[in-house]
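Engineer: Kindly generate the corresponding structure for this input.
(2 chains)
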Protein chains: 2
Amino acid sequence: MLSTMESYKTKVPRNSNMAKLQAGYLFPEIARRRSAHLLKYPDAQVISLGIGDTTEPIPEVITSAMAMILVYSLQRSHSLSTLEGYSGYGAEQGDKKLRDAIASTLYGDLGIDEADIFVSDGAKCDISRLQLLFGSNATIAVQDPSYPAYVDSSVIMGQTGLSINHFKDRCHLFLFPQQSNWFYGIKGTADQLVQFARDNGSIIVFDSAYAMYISDDSPRSIFEIPGAKEVAMEVSSFSKYAGFTGVRLGWTAIPKELLYSDGFPIAKDFNRIVSTCFNGASNVVQAGGLACLSAEGLEAMRSVVGYYRENTKIIVDTFTSLGFKVYGGKNAPYVWVHFPGRSSWDVFAEILEKTHIVTTPGSGFGPAGDGFIRVSAFGHRENVIEASRRFKQLFK
Amino acid sequence: MLSTMESYKTKVPRNSNMAKLQAGYLFPEIARRRSAHLLKYPDAQVISLGIGDTTEPIPEVITSAMAMILVYSLQRSHSLSTLEGYSGYGAEQGDKKLRDAIASTLYGDLGIDEADIFVSDGAKCDISRLQLLFGSNATIAVQDPSYPAYVDSSVIMGQTGLSINHFKDRCHLFLFPQQSNWFYGIKGTADQLVQFARDNGSIIVFDSAYAMYISDDSPRSIFEIPGAKEVAMEVSSFSKYAGFTGVRLGWTAIPKELLYSDGFPIAKDFNRIVSTCFNGASNVVQAGGLACLSAEGLEAMRSVVGYYRENTKIIVDTFTSLGFKVYGGKNAPYVWVHFPGRSSWDVFAEILEKTHIVTTPGSGFGPAGDGFIRVSAFGHRENVIEASRRFKQLFK
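Structural biologist: As a prediction, this is how the structure comes out:
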């Protein structure tokens, strides 16, 4: 009679917003399909050019700094995180020296100072915490395609309207008409975006996680645009420069000039949110972040970025030579390849089946991404070259 | 005419729940008062027995493991986090080996396996993420006094009713009548609590962050109570055993048997939430967590706990000898001292002013804590002894 036994259920209802999320969060879903593929082909030499996960080692100058703080903490009981001694809990906003270094090294004379910087355990984590500033009645507009965490954290937070369709309508405000404008696509339009926000009283959440990959005159920071400080905050990360994807370190810059409609400073609420819902990034990791911003650290990061840039060029050249129309790959280490009239997931599945290469279906980033696959340039050189060979064999 | 210039304001309204929070989050507020005190008395030898922040160094076996992973990452580009190689992004749920070790070492035969464990960057961070499971319409009951993050994250999430008073009414369901039952006060009543939850279809969020401090037969885990797996989840942390307050590592255990009212498994939604709003704890830190759970690591942690236990005894003896009624200090490194008829903040201020010792006002943990100060046993031995001397001088 086991089959008729009912499981015990609590009387606690599910957050109704959870059910409104699309199937799985994109990247775990890709990981699931990768595992299924490996079950089918246990000996396949799978190459992952899907998720934007760095592959090259963390530069030595940075790991040394992290190891150093660990060694210090053994020698005396007063040395883990600050000169004054082992601090245990850090300031929730982040170590002051790291905030100083971020402000001075990365924002220079843009008028962002250490008090505007909130150190995080990565951009993705702060994206959700930012939602708490505005609550469930906010209207969020995201560009299409966009990083899925923006949409999904909005949905979880209840910014869904009455139905998925309605939510879709509300979310796809900035559907850039020219697809070639996708990536840092606001080159030339960043001024317009800031002007739009100022005209409408909107707040821009600018994601600068790939700023070091920019090779033309696109803004590295939204705060390069005059007037942005009153209408923008910036989310950023060490992940893609220093191989910190698994180490977890980022920051959010919220200028003191950014105010709610009632005049209350948004940074004050964010400080309260990180104090309540977060307890600072790991002190060991923050030591690594400080090393990232030293002269040697910056040079090491530029070298890491240069390596992935060369990968990007190999991928762009591969698909261009095969006659595909390719977008991106200039100011970010991702290459979008167009398969007109085909579904992204179909192309994803065909590539995985026939070449054992994991890519990302463009539709995972929004409806406008359908018909595309995104190929990540994060990979060891030999794997990128091998992937190029397989792509050429498949699409020749 | 500067005084009449208006600042630019966006048209974005503040999350209305933020305004319903009590003044400051407790611990930053204490830090503010500590700083103000130091401005007034620049030469004061301030002793902090306020926030529960560990002071002793991280055991060497644990820092070595973290340093090792950093050294490995230099030697070859395939070694940072797993045997298979540098992983960059980890599984959002945490490294499988660490989840295995937590389940087997800390839950033994309680029927919790690695799939039920979600590794976090600390209990405080998961407390907020847990709120997302239930959304803004949930009714949350907290014991009084309680860790402020439980109440504050509920308020931010909108579980506030229509007013602060209403919210207060809703939140103080479990006001344990016997004050001596405060700390792990469910000894003898844990069965009743689980029975209450089963009778009402409620979900218990059990915070076991101090389980290793328990010296009597109180449950270390809620899952020791038969029937708990269908009605409870457990939040926990390495902070107080391994000196990880600043290193940031914890976990949440959600049994697969725990179901929403519609039968959907809560762990599935939590997995989606950590995938969307979090990206896993730092791989360096997770390596330290694994070392914590080795035989030497466990012994080192027991030794750290023993050190703070001795501090606790010194503090309890001090106040008892002064004729104060003292609660706690047995199963947790905190001593609650009763000042009948006085306001906690007044006592806090008097102690700070006259002895330069930072404590925590009991009222910061809830209305039932008023009339108490909480003295933390996290301190270097010499500071605890010096604090004891000053307390004796003040209250003799």
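
Engineer: Strands of the stretch 201-350 of chain A, residue ranges please.
Structural biologist: Secondary structure of the stretch 201-350 of chain A, counting by DSSP state E, counting those that start in this stretch: strands at A:204-207, A:232-237, A:250-253, A:326-328, A:334-338.

Engineer: For A:T276, find the nearest of those strands.
Structural biologist: Shortest distance between A:T276 and the strands of the stretch 201-350 of chain A, using CB to CB, is found for strand A:250-253: 15.6 Å. (Each C-beta comes from the backbone N, C-alpha and C, glycine too.)

Engineer: Remind me what that closest one packs against, helices and strands.
Structural biologist: Contact analysis of strand A:250-253 by 3 or more CB pairs under 8 Å, 6 or more residues apart in numbering or on different chains; DSSP states H and E lists helix A:96-107, strand A:117-120, helix A:123-134, strand A:232-237 as its packing neighbours.

Engineer: mind running it again at 7 Å?
Structural biologist: Secondary-structure packing of strand A:250-253 (3 or more CB pairs under 7 Å, 6 or more residues apart in numbering or on different chains; DSSP states H and E): strand A:117-120, helix A:123-134, strand A:232-237.

Engineer: could you dump the ones you listed to JSON lines with distance to A:K313?
Structural biologist: JSON lines is the format used below for the helices and strands packed on strand A:250-253 (distance: least, CB to CB, whole Å):
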{"stretch": "strand A:117-120", "distance to A:K313": "31"}
{"stretch": "helix A:123-134", "distance to A:K313": "25"}
{"stretch": "strand A:232-237", "distance to A:K313": "23"}
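
Engineer: Just give the nearest non-adjacent residue to the residue of the stretch 1-150 of chain A found nearest chain B, would you?
Structural biologist: Proximity to chain B, evaluated over the stretch 1-150 of chain A using CB to the nearest CB, is greatest for A:K11 at 2.7 Å. Leaving out its chain neighbours, the residue that sits closest to A:K11 by CB to CB, 6 or more residues apart in numbering or on different chains is B:G201, at 2.7 Å.

Engineer: What about that neighbour, how many residues nearby?
Structural biologist: The burial metric for B:G201, expressed as a neighbour count using other CB atoms under 10 Å in any protein chain shown, is 13.

Engineer: which residues does it contact?
Structural biologist: In this structure, B:G201 makes contact with A:T10, A:K11, A:V12, B:S261, judged by CB atoms under 7 Å, 6 or more residues apart in numbering or on different chains.

Engineer: A:Y147: which of those residues is nearest?
Structural biologist: Nearest to A:Y147 among those, with distances taken as CB to CB, is A:V12, at 31.2 Å.

Engineer: where does the closest residue to the closest one other than its chain neighbours fall, phi/psi-wise?
Structural biologist: On the basis of CB to CB, 6+ apart, the spatially nearest residue to A:V12 that is not a chain neighbour turns out to be B:I203, at 5.1 Å. For B:I203, the backbone dihedrals are phi -120, psi 130 (criterion: degrees, to the nearest 10).

Engineer: which ones are touching B:I203?
Structural biologist: Residues counted as contacts of B:I203 (CB under 7 Å, 6+ apart) are A:T10, A:V12, B:A197, B:V231, B:A232, B:M233.

Engineer: List buried residues within those residues.
Structural biologist: Those of the contacts of B:I203 that meet the buried threshold are A:T10, A:V12, B:A197, B:V231, B:A232, B:M233, by 16 or more other CB atoms under 10 Å in any protein chain shown.

Engineer: Could you single out the nearest of these to A:T245?
Structural biologist: For the buried ones among the contacts of B:I203, the minimum distance to A:T245 (CB to CB) is 28.3 Å, reached by B:M233.

Engineer: what's the burial count for A:V358?
Structural biologist: A:V358: 22 neighbours (other CB under 10 Å).

Engineer: repeat for A:P265
Structural biologist: Burial of A:P265 is recorded as 16 neighbouring residues (other CB under 10 Å).

Engineer: Tabulate the contacts of B:I203 in JSON lines, adding columns for distance to A:R389 and pLDDT.
Structural biologist: Shown next, in JSON lines, are the contacts of B:I203 (distance: CB to CB, whole Å; pLDDT from 0 to 100):
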{"residue": "A:T10", "distance to A:R389": "54", "pLDDT": "89"}
{"residue": "A:V12", "distance to A:R389": "54", "pLDDT": "85"}
{"residue": "B:A197", "distance to A:R389": "59", "pLDDT": "86"}
{"residue": "B:V231", "distance to A:R389": "56", "pLDDT": "95"}
{"residue": "B:A232", "distance to A:R389": "54", "pLDDT": "96"}
{"residue": "B:M233", "distance to A:R389": "49", "pLDDT": "97"}
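
Engineer: Include distance to A:P148 when you put those into CSV, please.
Structural biologist: Output for the contacts of B:I203, formatted as CSV (distance: CB to CB, whole Å):
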residue, distance to A:P148
A:T10, 30
A:V12, 27
B:A197, 35
B:V231, 33
B:A232, 32
B:M233, 26
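
Engineer: Could you single out the nearest of those residues to B:S218?
Structural biologist: If you rank the contacts of B:I203 by distance to B:S218 using CB to CB, B:A232 comes first, at 15.3 Å.

Engineer: ok, for the closest one, nearest residue in space, not its chain neighbours?
Structural biologist: On the basis of CB to CB, 6+ apart, the spatially nearest residue to B:A232 that is not a chain neighbour turns out to be B:I204, at 4.1 Å.

Engineer: State the pLDDT value of the one you found.
Structural biologist: At B:I204, the pLDDT value in this model is 91.

Engineer: Tell me how far A:Q192 lies from A:P148.
Structural biologist: A:Q192 sits 26 Å away from A:P148, taking CB to CB, to the nearest Å as the criterion.

Engineer: Those two - which one has more neighbours?
Structural biologist: A:P148 (21 against 11).

Engineer: my guess is the more buried one contacts A:S363, does it?
Structural biologist: No. Applying CB atoms under 7 Å, one finds A:P148 not in contact with A:S363, separated by 10.8 Å.

Engineer: So, low pLDDT: which residues of chain A?
Structural biologist: Counting by pLDDT under 70, the low-confidence segments of chain A come to A:1-5, A:22-25, A:72-90, A:160-188.

Engineer: how about the helices in it?
Structural biologist: Assigned by DSSP state H, the helices in chain A fall at A:26-40, A:60-75, A:96-107, A:123-134, A:148-156, A:164-171, A:190-200, A:239-242, A:266-277, A:283-292, A:295-321, A:344-355, A:381-395.

Engineer: Which neighbouring elements make contact with the third one?
Structural biologist: Based on contacts counted as 3+ CB pairs under 7 Å, 6+ apart, the elements that helix A:96-107 packs against are strand A:117-120, helix A:283-292.

Engineer: contacts for that helix?
Structural biologist: Among residues not part of helix A:96-107, those counted as contacts by CB under 7 Å, 6+ apart are A:93, A:112-114, A:116-117, A:119, A:221, A:223, A:251, A:286, A:289-290, A:293.

Engineer: Pull out the buried residues from that helix.
Structural biologist: Of all the residues in helix A:96-107, those buried under the rule 16+ other CB under 10 Å are A:K97, A:L98, A:R99, A:D100, A:A101, A:I102, A:A103, A:L106, A:Y107.

Engineer: Would you pull up how far it lies from the middle of the chain?
Structural biologist: Between the centre of helix A:96-107 and the centre of its chain there are 20 Å (CA atoms, centre = their mean, to the nearest Å).

Engineer: Was I right to think A:A138 contacts A:S154?
Structural biologist: No. Taking contact to mean CB under 7 Å, the distance of 8.2 Å between A:A138 and A:S154 leaves them out of contact.

Engineer: who's more crowded, these two?
Structural biologist: It is A:S154, of A:A138 and A:S154, that has more neighbours when counted by other CB under 10 Å, with 25 against 16.

Engineer: How about stretch A:43-58, which residues are buried there?
Structural biologist: Applying a neighbour-count criterion of 16+ other CB under 10 Å, the buried positions in stretch A:43-58 are A:I47, A:S48, A:L49, A:G50, A:I51, A:G52, A:D53, A:T54, A:T55, A:E56, A:P57, A:I58.

Engineer: Switch these over to a markdown table; also include distance to chain B.
Structural biologist: Compiled in a markdown table, the buried residues of stretch A:43-58 are given as follows (distance: CB to the nearest CB, whole Å):
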| residue | distance to chain B |
| --- | --- |
| A:I47 | 13 |
| A:S48 | 10 |
| A:L49 | 13 |
| A:G50 | 11 |
| A:I51 | 7 |
| A:G52 | 9 |
| A:D53 | 4 |
| A:T54 | 5 |
| A:T55 | 7 |
| A:E56 | 6 |
| A:P57 | 4 |
| A:I58 | 5 |
